[in-house]
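S.K.: Here's a sequence, model it:
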Amino acid sequence: QEIVSILAVLSVSGTWLQMALEKLEGVIERCRGLPETEFKEEDHSVFQSAACQCLEEGHATRLLEILQDEKNKDFVICMGWNVVGPIVSCALKDQQETEHKENCLKILNHVVQ
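M.R.: Numbers count the residues shown, from 1 in each chain. Below you'll find the predicted structure:
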């Protein structure tokens, strides 16, 4: 019964992550090519919450890949600052794996550049 409960939690967590990735990719796709003045307040909120979810779930590697994608460059320049705080917080958590911390720092470096 414990194994079933654990699998259910993992399934829900995976679903939430997939939803966060879909939202993240969706907002980037919608905003790609738009001038910054046409970004909506909702776009900022969706980007920040989805990126934070990816970080919290330990998927900094996937977030880094999305942000480093050349076609997302203009979006990252406009919106990247929205995730600086959460990236720093995530990188400073003691329980994070070294690889996750390193990816958080890579994201931070990419956003700052």
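S.K.: Now for the residue nearest in space to the middle of the chain: which residues touch it?
M.R.: Taking Cα atoms, centre = their mean, the centroid of the chain lies closest to residue 51, which sits 2.3 Å from it. For residue 51, the contacting residues are 24, 63, 82-83, 86, by Cβ atoms under 8 Å, 6 or more residues apart in numbering. Backbone N, C-alpha and C define where each C-beta goes, glycine included.
S.K.: how near is residue 107 to residue 32?
M.R.: The gap separating residue 107 from residue 32 is 19 Å, by Cβ to Cβ, to the nearest Å.
S.K.: who's more crowded, those two?
M.R.: Neighbours were tallied for residue 107 and for residue 32 using other Cβ atoms under 10 Å; the higher tally belongs to residue 107 (28 against 12).
S.K.: so that one sits right up against residue 61, yeah?
M.R.: No. Residue 107 lies out of contact with residue 61 (Cβ atoms under 8 Å); the separation is 9.5 Å.
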